[in-house]
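Q: Sharing a sequence plus its predicted fold:
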Amino acid sequence: MMRIDQDITHQHRLAWGLGMSLLLASAAFLLMGAGVGSTGFESVLKAWHDPAAWQIVWDIRLPRTLGAWLAGALLGLAGAVAQGLFRNPLADPYLLGSASGASLGVAIALALFGVSPFAMQWLVRLGLTGAAFVGAVAAVLLTLLLAKGVQHTLRLLLAGVIVGVVLGAVSALTMLLMPDIMQAMQAFLLGSTGFVGWTSCALMAAVLLACVVVAWMLSHALDGLALGEATALSLGLPLPAMRAALVVVLALATGTAVAQTGLIAFVGLAAPHLVRSVAKTTHGRLIVLASLMGAVLLMVADVLARWLIAPQELPVGVLTAVLGGSYLLWLMHRRTGQGSSL
């Protein structure tokens, strides 16, 4: 019994240590992000007495870096919720079709530009980020409709896969019929934090706070689901209502992040894995730590994307796909050698 208490205390300390390390890394890379760009650190040094340099740092670099942190936190949170909800370590935030829905929303909005004055006025009010968010939410609602609610996890999972494939095909067909929008779609499909401003940061911060609070309050449902649905029901958990609330959190967090930064691969999938590789903890702590881990991952990727081939930059979604894919391949190789699975 004493050994079990010691293990719990040790894991608790590891979780706290990881959280503090991620917060310190966030602060360090936020400062670093303020100095990375086409003009280098000179803008930071001149910012106090040069209005142009101050505008570069305050209006472009800082909101972009903070926006990467917030979007990564939303994806890390969504990844932790998805993996707990579906009891699958390979589940990612885009599993309910939100990514394909967002892509289709952006493609349709771009295709409607110039069609009519009414369409132009409507698009100006909605915006591409609004179209992406509406598309993501519509895809999740379609998934829920096909799955006939959230009562059956497997049916929900299969419905999400089907919706993702179908909407992805419709999005590709839209680009094929309207080749003029392909270049504009490229930035969204490859992921970019270059268009994030302070308004977007405020929106993502508000959504992140709400999602973290709700997910943390429902974390005991994820702990119960980890033991199996029958066990969770025997504990008296109202699974249908809790599962519906978790799906809302997953859809809202993913849709908000995708609408602001485009499709960012592997952050939501890798963040919970990295946390669990350091500390074995309950879903309450996992949700917070995965959010911090996803935030740091995307912030680091954004800084590297601006720095590696400066003054040009790499698409941040491509960089996260390469780094995240390499990490998962290494993890699979290591676990296979140990005779276990992801």
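A: Alright, I've got the coordinates.
Q: In three-state terms, label residue 271 for me.
A: For residue 271, the assignment made with DSSP: H, G, I helix; E, B strand; the rest coil gives helix.
Q: List the contacts of it.
A: Going by Cβ atoms under 8 Å, 6 or more residues apart in numbering, residue 271 touches 72, 75-76, 79-80, 290-291, 293-294, 297. Heads up, the C-betas are built off the backbone N, CA and C, glycines and all.
Q: Can you pull out the low-pLDDT segments for the stretch 201-342 of the chain?
A: By pLDDT under 70, the weakly predicted segments of the stretch 201-342 of the chain are 335-342.
Q: So which residues of it form helices?
A: 219-226, 229-234, 239-261, 267-278, 283-307, 316-338 (DSSP state H, counting those that start in this stretch).
Q: what packs against the fifth one?
A: Yep, that's helix 283-307 we're talking about. Packing partners of helix 283-307 (3 or more Cβ pairs under 8 Å, 6 or more residues apart in numbering; DSSP states H and E): helix 2-35, helix 62-85, helix 198-217, helix 219-226, helix 267-278, helix 316-338.
Q: got it, and the third one?
A: Helices and strands touching helix 239-261, by 3+ Cβ pairs under 8 Å, 6+ apart, are helix 62-85, helix 98-112, helix 117-147, helix 198-217, helix 219-226, helix 229-234.
Q: Single out the most deeply packed of the ones you listed.
A: Ranked by average neighbour count under the criterion mean count of other Cβ atoms under 10 Å, the helices and strands packed on helix 239-261 are headed by helix 62-85 at a mean of 29.
Q: Against residue 165, how distant is the residue nearest the centre of the chain?
A: The centre of the chain sits closest to residue 75, judged by Cα atoms, centre = their mean, with a distance of 1.9 Å. According to Cβ to Cβ, to the nearest Å, residue 75 and residue 165 sit 21 Å apart.
Q: how about residue 81, what does it touch?
A: Counting by Cβ under 8 Å, 6+ apart, residue 81 has contacts 215, 222, 246, 249-250, 253, 287.
Q: and those residues as TSV, adding distance to residue 322?
A: TSV is the format used below for these (distance: Cβ to Cβ, whole Å):
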residue	distance to residue 322
215	29
222	30
246	30
249	29
250	25
253	24
287	27
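Q: And those residues, which two are furthest apart?
A: For the contacts of residue 81, the maximum inter-member distance is 14.6 Å, found between 222 and 253 (Cβ to Cβ).
Q: hang on, the earlier thing: adding distance to residue 21 as columns, could you present the helices of the stretch 201-342 of the chain in JSON lines?
A: What follows is the helices of the stretch 201-342 of the chain, written out as JSON lines (distance: least, Cβ to Cβ, whole Å):
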{"stretch": "helix 219-226", "distance to residue 21": "22"}
{"stretch": "helix 229-234", "distance to residue 21": "32"}
{"stretch": "helix 239-261", "distance to residue 21": "23"}
{"stretch": "helix 267-278", "distance to residue 21": "9"}
{"stretch": "helix 283-307", "distance to residue 21": "9"}
{"stretch": "helix 316-338", "distance to residue 21": "18"}
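Q: Tell me which of the helices and strands packed on helix 239-261 approaches residue 309 most closely.
A: Proximity to residue 309 (Cβ to Cβ) singles out helix 62-85 among the helices and strands packed on helix 239-261, at 17.0 Å.
Q: Let me know the angle separating the closest one from helix 2-35.
A: On the basis of axes from the mean of the first three to the mean of the last three Cα atoms, to 10 degrees, helix 62-85 is oriented at 150 degrees to helix 2-35.
Q: can you state the direction angle for helix 62-85 and helix 267-278?
A: Angle, helix 62-85 to helix 267-278, by the same axes, to 10 degrees: 70 degrees.
Q: Report the backbone C-alpha coordinates of helix 62-85 in CSV.
A: Taking Å, rounded to 0.1, in the frame of the first residue of the first chain, the C-alpha atoms of helix 62-85 are listed here in CSV:
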residue,chain,number,x,y,z
LEU,A,62,3.6,38.9,-30.8
PRO,A,63,-0.1,38.1,-31.8
ARG,A,64,1.2,35.5,-34.3
THR,A,65,3.3,33.8,-31.6
LEU,A,66,0.6,34.0,-29.0
GLY,A,67,-1.9,32.8,-31.6
ALA,A,68,0.2,29.8,-32.3
TRP,A,69,0.3,29.0,-28.5
LEU,A,70,-3.5,29.3,-28.2
ALA,A,71,-4.2,27.3,-31.3
GLY,A,72,-1.8,24.6,-30.2
ALA,A,73,-3.5,24.6,-26.8
LEU,A,74,-6.9,24.1,-28.4
LEU,A,75,-5.7,21.2,-30.5
GLY,A,76,-3.9,19.6,-27.6
LEU,A,77,-7.0,19.8,-25.5
ALA,A,78,-9.1,18.4,-28.3
GLY,A,79,-6.7,15.6,-28.8
ALA,A,80,-6.8,14.6,-25.1
VAL,A,81,-10.6,14.7,-25.2
ALA,A,82,-10.8,12.7,-28.4
GLN,A,83,-8.4,10.0,-27.2
GLY,A,84,-10.3,9.6,-23.9
LEU,A,85,-13.7,9.8,-25.5
